[in-house]
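In: no sequence on this one, just coordinates:
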């Protein structure tokens, strides 16, 4: 089963579908550094690096599932919430343009949970009304990663799955909640010394507060506009793209060598990426931004597995019907 990926980023959604047994046949990303990271891990030449508005639908090969984590900043509580008045918000209609021409059997969309309530629900209704005329039936669910992935990060997102076949949509179910057993210290590396650039020194305006507050080696801490939060987090708060713009927004821990920001690779691990996923030579700020813009891979892998069950089951029924037809035709040959 073939996947077309839009707004691919570093490939979190693509990796999840790949892990579930799908083949990524075409992908699109505009950000140069994100495209570098994508190619560094996926290889091949299926990623087209360009503005999605310049993509011609006839240049996209045949596919079965369209996936897209379209820009969330216009709808995020952390942003200005301009919605479709933000040029990035209007990029959703590029998805609708491709859907109109290609009519894939399945569409998978991911965005911030606030998309559901944005503009009193009008934004979500606009998305719904943009796709329903082409024959799609929807199911959606708001899910927090800690309840569905066994990854200790709070990341609440809305996941939308749309099918051309109503029967498939009826049979599709989102995955059930699972128990969180992974702890922060199963992911964070506190017993190894990292590059000095990650550690806070007495040159930082936060240094004294950090020394006083960050005292628990089982927890994680955050700096907000108001200063160093006294709250010790035993589950990571949502990783955000502004970690790349404001370094002090990167979560903080105490390890055996001092107080430091967690590394981009620890951020990747808190998004459920495997250890072999690597960054190419890009600025550290870009690596943090890419992590914050990505997804919790195991959540989407579980959804992809449920999509696959529905698609395979339908294929099996179709093949059985063909076999039955061939058998009946074979049995009737003497009468013809």
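Out: Cool, the structure landed. Everything quoted here is computed from the prediction, not taken from an experiment. Residues are numbered from 1 along each chain as shown.

In: quick one: the helices in the stretch 51-200 of the chain?
Out: According to DSSP state H, counting those that start in this stretch, the stretch 51-200 of the chain carries its helices in the segments 92-102, 122-131, 145-148, 166-171.

In: what sits up against the third one?
Out: Read it as helix 145-148. 151-157, 175, 177-178, 180, 235, 272, 296, 298-299, 302 (CB atoms under 8 Å, 6 or more residues apart in numbering). For glycine as for every other residue, the C-beta is placed from the backbone atoms N, C-alpha and C.

In: circling back: could I get the helices of the stretch 51-200 of the chain as TSV with mean pLDDT and mean neighbour count?
Out: Below are the helices of the stretch 51-200 of the chain laid out as TSV (pLDDT from 0 to 100; neighbours: other CB atoms under 10 Å):
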stretch	mean pLDDT	mean neighbour count
helix 92-102	94	18
helix 122-131	89	16
helix 145-148	98	22
helix 166-171	95	14
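
In: Residue 58: which of the ones you listed is closest?
Out: Within the helices of the stretch 51-200 of the chain, the stretch nearest residue 58 is helix 92-102; the backing value is 7.9 Å (CB to CB).

In: so how far is that closest one from its chain's centroid?
Out: 20 Å (CA atoms, centre = their mean, to the nearest Å).

In: Use 19 as the first number for this chain going forward.
Out: Will do, 19 is the new start, and the previous item becomes helix 110-120.

In: Against which helices or strands is it packed?
Out: Under the contact criterion of 3 or more CB pairs under 8 Å, 6 or more residues apart in numbering; DSSP states H and E, helix 110-120 touches strand 20-24, strand 83-86, strand 124-130, helix 140-149.

In: Report the angle between that helix and strand 20-24.
Out: Put simply, helix 110-120 runs at 150 degrees to strand 20-24, going by axes from the mean of the first three to the mean of the last three CA atoms, to 10 degrees.

In: so helix 110-120 versus helix 140-149, what angle?
Out: Using the same axes, to 10 degrees: helix 110-120 against helix 140-149 is 20 degrees.

In: which residues are in contact with helix 110-120?
Out: Residues outside helix 110-120 that contact it (CB under 8 Å, 6+ apart) are 22, 24, 70-71, 73, 75-76, 78, 81, 84, 86, 88, 102, 125, 127, 145, 148-149, 152, 154.

In: Make TSV out of the helices of the stretch 69-218 of the chain and add distance to residue 225.
Out: Output for these, formatted as TSV (distance: least, CB to CB, whole Å):
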stretch	distance to residue 225
helix 110-120	44
helix 140-149	42
helix 163-166	31
helix 184-189	55
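
In: does the most centrally placed residue in the chain belong to a helix or a strand, and which?
Out: Centroid check for the chain by CA atoms, centre = their mean gives residue 313 as the closest residue, at 2.9 Å. Counting by DSSP states H and E, residue 313 is held by no secondary-structure element, helix or strand.

In: looking at it, it is touching residue 175, isn't it?
Out: Yes: Residue 313 is within contact range of residue 175, at 7.4 Å (criterion: CB atoms under 8 Å).

In: Which neighbours do the two have in common?
Out: In contact with both residue 313 and residue 175: residue 128, using CB under 8 Å, 6+ apart.

In: How is the chain partitioned into domains?
Out: 20-196+312-341, 202-309 (automatic domain parsing).

In: Give me the distance from the first one to the chain's centre.
Out: Between the mean C-alpha point of domain 20-196+312-341 and the mean C-alpha point of its chain there is a distance of 8 Å (CA atoms, centre = their mean).

In: From residue 285, how far off is residue 218?
Out: Separation of residue 218 from residue 285 (CB to CB, to the nearest Å) stands at 17 Å.

In: Looking at these two, which has the bigger crowd around it?
Out: For residue 218 versus residue 285, the count of surrounding residues by other CB atoms under 10 Å is larger for residue 285: 24 against 18.

In: hang on, that one is in a helix, isn't it?
Out: Yes: residue state for residue 285 (DSSP: H, G, I helix; E, B strand; the rest coil) corresponds to a helix.

In: so it touches residue 307, yeah?
Out: No: between residue 285 and residue 307 there is no contact under CB under 8 Å: 10.2 Å.

In: Spit out the residues that contact the two alike.
Out: Joint contacts of residue 285 and residue 307 (CB under 8 Å, 6+ apart) are residue 261.

In: how close does the residue nearest to the centre of the chain get to residue 177?
Out: In this view, residue 313 and residue 177 are 10 Å apart by CB to CB.

In: shared neighbours of these two, anything?
Out: In contact with both residue 313 and residue 177: residue 128, using CB under 8 Å, 6+ apart.

In: picking up where we left off before, tabulate the helices and strands packed on helix 110-120 in JSON lines, adding columns for distance to residue 159.
Out: Below are these laid out as JSON lines (distance: least, CB to CB, whole Å):
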{"stretch": "strand 20-24", "distance to residue 159": "20"}
{"stretch": "strand 83-86", "distance to residue 159": "16"}
{"stretch": "strand 124-130", "distance to residue 159": "11"}
{"stretch": "helix 140-149", "distance to residue 159": "13"}
